[in-house]
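Engineer: give the three-dimensional model of this entry:
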Amino acid sequence: MSTPTLQQAHGPAFTRIYAVGAARGEHVVPNEDLIEPINSSDEWIQQRTGIITRTRSGPDVSALDLATSAATEAIERSGVAPELIDVVIIATISNVQQTPSMAAVVADRVGANPAAAYDMNAACAGYAYAVAQADALIRAGAARHALVIGAEKLSDVVDPTDRSISFLLGDGAGAVVIGPSDTPGISATVWGSDGSKAGAVGMDHTLIEFREGAAAWPTLRQEGQTVFRWAVWDMAKVAKEALDRAGVTAADIAAFIPHQANMRIIDEFAKQLKLPEDVVIARDIATTGNTSAASIPLATHRLLDEHPELSGGLALQIGFGAGLVFGAQVVVLP
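Structural biologist: Got it, this is the predicted structure:
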């Protein structure tokens with residue numbers, strides 16, 4: 001008996017981002033509110049990071065709530081009916097409930113049930129990873145429309161006495177709807193990891209240690225200089241490779257949207273990429289802080305609100321963080 005040939009799905013040749021939605025923590029937290037526990041100053045934080053304020057949510061607002069708000073706006077702006085969304089991907093490191101996924105609950109909340117839904121953890125590169133996955137799933141025919149969300153409530157995993165990272169972190173969510181396109185709207189992604197540097201950023205304890213009383217609630221820590229050097233030198237090379245993979249140069253892009261990790265890193269990126277003066281650089285970190293997987297879509301949302309003329313232009317986006325992991329691609333701005 002002969003084995004029948006399996007049928008496989010085939011999707012559209014190209015995809016693009018249709019719209020962006022955002023939700024920031026409802027509280028604006030200035031540096032002055034954080035300096036006493038870390039024995040620091042407003043001037044020290046601004047000089048080292050460029051952060052003036054960050055947004056954080058109160059105890060009644062979860063990462064799930066932020067994700068839902070951002071997703072609702074993105075869907076409304078996209079013009080795609082929520083029931084036509086086939087897959088929901090949430091990039092996050094701050095889902096305090098290991099299971100079920102935030103994505104499944106958000107899919108139901110926004111009316112996309114029974115879309116495929118899952119959370120994924122690639123830290124601050126999570127959004128770039130999720131965009132790559134959505135693009136590939138649609139072009140493979142596994143989905144028609146995707147909802148991609150970066151959502152974090154990092155104030156849940158902060159030790160206010162920690163000088164390595166606590167003052168950097170904020171809460172927020174950014175979402176995009178991705179679907180078929182007649183022309184290329186998302187370039188090939190340059191992504192990867194270096195687990196040999198896994199200790200440079202991450203949680204200081206495991207949940208097992210916490211449960212057994214051997215450690216406090218796990219919070220984020222980082223080796224600042226290690227991360228800074230890696231981000232400035234290695235990630236600039238990744239950004240250049242992403243431009244090459246997209247078949248464009250720095251002169252062709254309208255905007256540069258890096259992960260909002262540190263203003264000094266962003267400035268050094270711009271120098272190494274030799275960005276023309278007319279390229280608009282996202283600097284959302286100054287008033288939102290570092291929101292990990294949410295930072296690129298949040299920065300994109302603000303950039304388009306402040307510079308609507310960028311719509312239709314090319315943006316280079318790159319995320320990098322704990323793992324260590326990285327991901328970069330060029331996209332057409334909605």
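Engineer: which residue is the nearest non-sequential neighbour of residue 303?
Structural biologist: Distances taken as CB to CB, 6 or more residues apart in numbering place residue 282 nearest to residue 303, at 5.2 Å, with adjacent residues excluded. For the C-beta atoms, the positions are set from N, CA and C on the backbone; glycine is no exception.
Engineer: what sits against that neighbour?
Structural biologist: 255-258, 260, 266, 299-300, 302-303 (CB atoms under 8 Å, 6 or more residues apart in numbering).
Engineer: which residue is the nearest non-sequential neighbour of residue 114?
Structural biologist: Excluding the flanking residues, the one nearest residue 114 by CB to CB, 6+ apart is residue 107, at 7.8 Å.
Engineer: secondary structure class for the one you found?
Structural biologist: In three-state terms, and counting by DSSP: H, G, I helix; E, B strand; the rest coil, residue 107 is helix.
Engineer: that one and residue 117 touch, don't they?
Structural biologist: Yes: assessed by CB atoms under 8 Å, residue 107 is found in contact with residue 117 at 4.4 Å.
Engineer: anything in contact with each of those two?
Structural biologist: Residues touching both residue 107 and residue 117 (CB under 8 Å, 6+ apart) are residue 88.
Engineer: in contact with the residue most central in space within the chain, which residues?
Structural biologist: Centroid-nearest residue in the chain: residue 293, 2.9 Å away (criterion: CA atoms, centre = their mean). Residues near residue 293 by CB under 8 Å, 6+ apart: 91-93, 122-127, 130, 150-152, 319.
Engineer: that one in helix, strand or coil?
Structural biologist: Applying three-state DSSP: residue 293 is helix.
Engineer: if we can go back for a sec, can you flag which of the contacts of residue 282 belong to strands?
Structural biologist: Within these, residues falling in strands by DSSP state E are 255-258.
Engineer: most surrounded residue in these?
Structural biologist: Most neighbours among these, by other CB atoms under 10 Å: residue 258, with 29 neighbours.
Engineer: list the contacts for that one?
Structural biologist: 239, 265-266, 269, 282, 296, 317-319.
Engineer: at 10 Å what do you get?
Structural biologist: Each residue near residue 258 by CB atoms under 10 Å, 6 or more residues apart in numbering is listed here: 124, 231, 235-236, 239, 265-266, 269-270, 273, 281-283, 285, 295-296, 299, 316-320, 328.
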